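Trainee: Based on what follows, work out the 3D shape:
(one chain, ligands or ions: 1)
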Amino acid sequence: MKKAKHIFAFFCLKDTYKIMKGIFPIDKFNNIETPFYYYDTKVLRETLDTIKREASKYENYHVHYAIKANANNKILEIISNSGLGADCVSGGEVKAAIKAGFPADKVVFAGVGKSDKEINLALDYNISCFNVESVPELEVINELAKAKGKVANVAFRINPNVGAHTHANITTGLAENKFGISMEDMDKVIDMAKEMNNVEFVGLHFHIGSQILEMDDFVALCNRVNQLQEKLTSMRIIVKSINVGGGLGIDYSHPNRKPIPSFAEFFNTYHKHIKLYPGQKLHFELGRAVVGQCGSLISRVIYVKEGTNKKFAILDAGMTDLIRPALYQAYHKIENISSDEPMETYDVVGPICESSDVFGKAIDLNKTHRGDLIALRSAGAYGEIMASRYNCRELPIVYRRRFNLIFIGVVAITTPIILLDANILIFLPEIYKLSICLSLLMI
Ligand SMILES: Cc1ncc(COP(=O)(O)O)c(C=O)c1O
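Mentor: Numbers count the residues shown, from 1 in each chain. Now for the predicted structure:
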């Protein structure tokens with residue numbers, strides 16, 4: 001009886017490990033050069049649908065995508081087609097947003113150090129709003145808008161001095177951080193803007209940090225916004241929009257169990273705690289929560305090395321492909337997607353000449369061999385976009401779900417038809433157009 005129980009437990013455990021791993025087209029991966037980013041566009045589309053459904057429950061909620069999280073062309077196109085606006089922090093991001101089809105009147109531009117060139121570019125595109133982070137920046141925007149005979153919408157990014165329970169390097173809303181205008185200076189800046197002819201003060205902007213999972217942090221921000229709005233009403237000012245930034249975190253430990261973040265809880269927290277005036281718009285700028293779970297970095301084991309007290313799985317991907325573990329001690333779930341053998345413990349490291357080039361220490365992986373494929377999960381946000389060429393390495397390649405299936409499908413269907421039936425030649429141009437369109441869609 002005891003033995004039977006044991007066997008049952010073993011199978012459960014084995015199955016759980018199987019279920020807990022991501023589902024990937026491994027046969028196709030086996031023939032592809034590594035490392036590469038793999039984006040599951042189905043997960044992305046489901047995430048976008050959830051965002052739209054949950055945000056539309058509330059009047060005047062507008063969601064922007066923070067381009068900084070992932071500016072891959074195809075990812076941007078899918079997001080812009082879904083109707084989200086764009087939050088940019090550089091001229092390059094403004095360009096990328098416009099190129100991907102985000103309408104200029106849904107593009108906002110934040111950042112502590114906007115150069116004249118970047119401001120001019122954004123003015124030329126007639127973006128919807130500059131999120132201004134200092135007095136000198138306000139003066140320059142006014143000056144440059146004047147030279148172009150334009151009036152630029154400006155919101156003031158206020159540093160709300162609200163902490164967030166996240167990694168110190170990704171909190172942004174504390175007085176000690178470089179971002180935004182202090183609450184004490186808010187009145188002064190508003191008065192200055194009123195005197196200027198080429199800027200129009202339209203809103204307040206906040207962003208307290210990233211990878212925030214405790215809703216209480218957002219409640220603290222709501223309370224601060226309410227307090228500042230009361231102050232503004234006493235000055236007879238009601239702004240058109242409040243932008244509360246992004247910050248919603250994702251479940252890095254369980255990307256399979258929870259691929260879609262808690263958008264319902266997130267929007268509902270704001271709904272319950274923020275006081276908006278009639279007609280006032282509430283903007284969100286979500287990055288990580290939109291794209292984080294759709295991406296994985298796929299890598300191959302180059303060597304399994306026996307150390308003195310431990311085993312190392314040395315990958316062909318390194319911190320140049322995914323820097324978050326080295327930069328923020330960030331956790332990414334690591335899976336050996338080639339092996340179903342019993343678990344063993346490894347330090348999973350990259351090939352870069354830096355001691356910090358470690359993806360995880362004492363990680364349980366299915367017994368690992370040279371050539372096995374390793375998936376670093378939840379790498380869709382702040383992954384590909386932060387890749388570098390340090391050590392003269394090449395940038396990682398990118399694939400998306402459906403690429404091979406559809407492309408090979410179209411070629412497989414059209415080629416025999418073309419070869420076998422000369423009458424069908426008449427349809428050749430259409431067939432080719434279709435196949436070219438489909439392949440372009442997937443590049
Ligand atoms: C101003 C601003 N808005 C939005 C974001 C997006 O944050 P997240 O990816 O955590 O949603 C950031 C990230 O740093 C930011 O700086």
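
Trainee: who touches the closest residue to the ligand within the stretch 251-400 of the chain in this structure?
Mentor: Nearest residue of the stretch 251-400 of the chain to the ligand: Gly287, at 2.6 Å (C-beta to the nearest ligand atom). C-beta here means a position set from N, CA and C on the backbone, and glycine is covered the same way. Gly287 sits next to Tyr65, Ala66, Ile67, Lys68, Ala69, Asn70, Asp87, Ser210, Gly246, Ala381, Tyr382 when contact means C-beta atoms under 8 Å, 6 or more residues apart in numbering.

Trainee: And for Val244?
Mentor: Counting by C-beta under 8 Å, 6+ apart, the residues that Val244 touches are Phe206, His207, Phe218, Leu221, Cys222, Val225, Tyr270, Ile274, Leu282, His283, Phe284.

Trainee: a markdown table please, covering those and showing secondary structure and neighbour count.
Mentor: Converted to a markdown table, the contacts of Val244 look like this (DSSP: H, G, I helix; E, B strand; the rest coil; neighbours: other C-beta atoms under 10 Å):
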| residue | secondary structure | neighbour count |
| --- | --- | --- |
| Phe206 | coil | 27 |
| His207 | coil | 25 |
| Phe218 | helix | 23 |
| Leu221 | helix | 26 |
| Cys222 | helix | 20 |
| Val225 | helix | 24 |
| Tyr270 | helix | 22 |
| Ile274 | coil | 19 |
| Leu282 | strand | 21 |
| His283 | strand | 24 |
| Phe284 | strand | 26 |
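
Trainee: Look at Asp421 and report its pLDDT.
Mentor: In this prediction, Asp421 carries a pLDDT score of 40.

Trainee: can you list the residues of the chain near the ligand?
Mentor: Counting by C-beta under 6 Å from any ligand atom, the chain comes close to the ligand at 66, 68-69, 87, 110, 172, 207, 210, 245-248, 285-289.

Trainee: Can you flag which of those residues belong to strands?
Mentor: Assignment to strands by DSSP state E places the following of those there: Ala66, Asp87, Glu285, Leu286.

Trainee: got the buried residues for stretch 72-88?
Mentor: Within stretch 72-88, the residues that qualify as buried are 72, 74-76, 78-80, 82, 84-88, counting by 16 or more other C-beta atoms under 10 Å.

Trainee: Specify which member of those is nearest to Val358.
Mentor: For those, the closest approach to Val358 (C-beta to C-beta) belongs to Asn72, at 25.6 Å.

Trainee: separation between that closest one and Thr41?
Mentor: 11 Å (C-beta to C-beta, to the nearest Å).

Trainee: do the same with Lys281
Mentor: From Lys281 to Thr41 the distance is 29 Å (C-beta to C-beta).

Trainee: try Asn366
Mentor: 27 Å.

Trainee: ditto for Ala313
Mentor: Where Thr41 is concerned, Ala313 sits at a distance of 29 Å (C-beta to C-beta).

Trainee: Which residue of the two possesses the greater neighbour count?
Mentor: Ala313 (26 against 16; other C-beta atoms under 10 Å).

Trainee: now the helices: where do they sit in the stretch 201-350 of the chain?
Mentor: 215-234, 263-273, 288-291, 324-328 (DSSP state H, counting those that start in this stretch).

Trainee: show me the contacts for Glu265.
Mentor: Met215 are the contacts of Glu265 under C-beta under 8 Å, 6+ apart.

Trainee: which SS state does the closest residue to Ser296 other than its chain neighbours fall under?
Mentor: Leaving out its chain neighbours, the residue that sits closest to Ser296 by C-beta to C-beta, 6 or more residues apart in numbering is Ala375, at 4.7 Å. Three-state assignment for Ala375 (DSSP: H, G, I helix; E, B strand; the rest coil): strand.

Trainee: beta partners for Ala375?
Mentor: Ile298, Glu335 (DSSP bridges).

Trainee: quick check: domain ranges of this structure?
Mentor: 22-38+293-398, 42-290, 403-441 (automatic domain parsing).

Trainee: Pick the most buried one from the helices of the stretch 201-350 of the chain.
Mentor: Among these, the stretch with the highest mean neighbour count (mean count of other C-beta atoms under 10 Å) is helix 288-291, at a mean of 29.

Trainee: and it, what does it pack onto?
Mentor: helix 41-55, helix 73-81 (3 or more C-beta pairs under 8 Å, 6 or more residues apart in numbering; DSSP states H and E).

Trainee: if you set the cut-off to 10 Å instead, what comes out?
Mentor: Secondary-structure packing of helix 288-291 (3 or more C-beta pairs under 10 Å, 6 or more residues apart in numbering; DSSP states H and E): helix 41-55, strand 61-66, helix 73-81, helix 263-273.

Trainee: Turn these into TSV, columns for distance to Glu137.
Mentor: Formatted as TSV, the helices and strands packed on helix 288-291 follow (distance: least, C-beta to C-beta, whole Å):
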stretch	distance to Glu137
helix 41-55	30
strand 61-66	20
helix 73-81	26
helix 263-273	27
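
Trainee: Bridged to the residue in the stretch 1-150 of the chain that the ligand sits nearest to, which residues?
Mentor: Using C-beta to the nearest ligand atom, Ala66 is the residue of the stretch 1-150 of the chain that sits closest to the ligand, at 3.5 Å. Taking DSSP bridges as the rule, Ala66 bridges to Asp87.

Trainee: Assess the claim that it and Gly245 are in contact.
Mentor: Yes. Look at Ala66 against Gly245 with C-beta atoms under 10 Å: they come within range, at 8.3 Å.

Trainee: So for those two, which residues contact both of them?
Mentor: Residues within reach of Ala66 and of Gly245 at once, by C-beta atoms under 10 Å, 6 or more residues apart in numbering, are Asp87, Ala110, His207, Ser210, Phe284, Glu285, Leu286, Gly287.

Trainee: For the fifth one, list the residues it contacts.
Mentor: Residues in contact with Phe284 (C-beta under 10 Å, 6+ apart) are 51, 55, 61-66, 84-85, 87, 243-248, 263, 266-267, 270.

Trainee: now the strands: where do they sit in the stretch 301-443 of the chain?
Mentor: For the stretch 301-443 of the chain, the strands defined by DSSP state E, counting those that start in this stretch occupy 311-315, 334-336, 343-349, 358-366, 373-376, 397-400.
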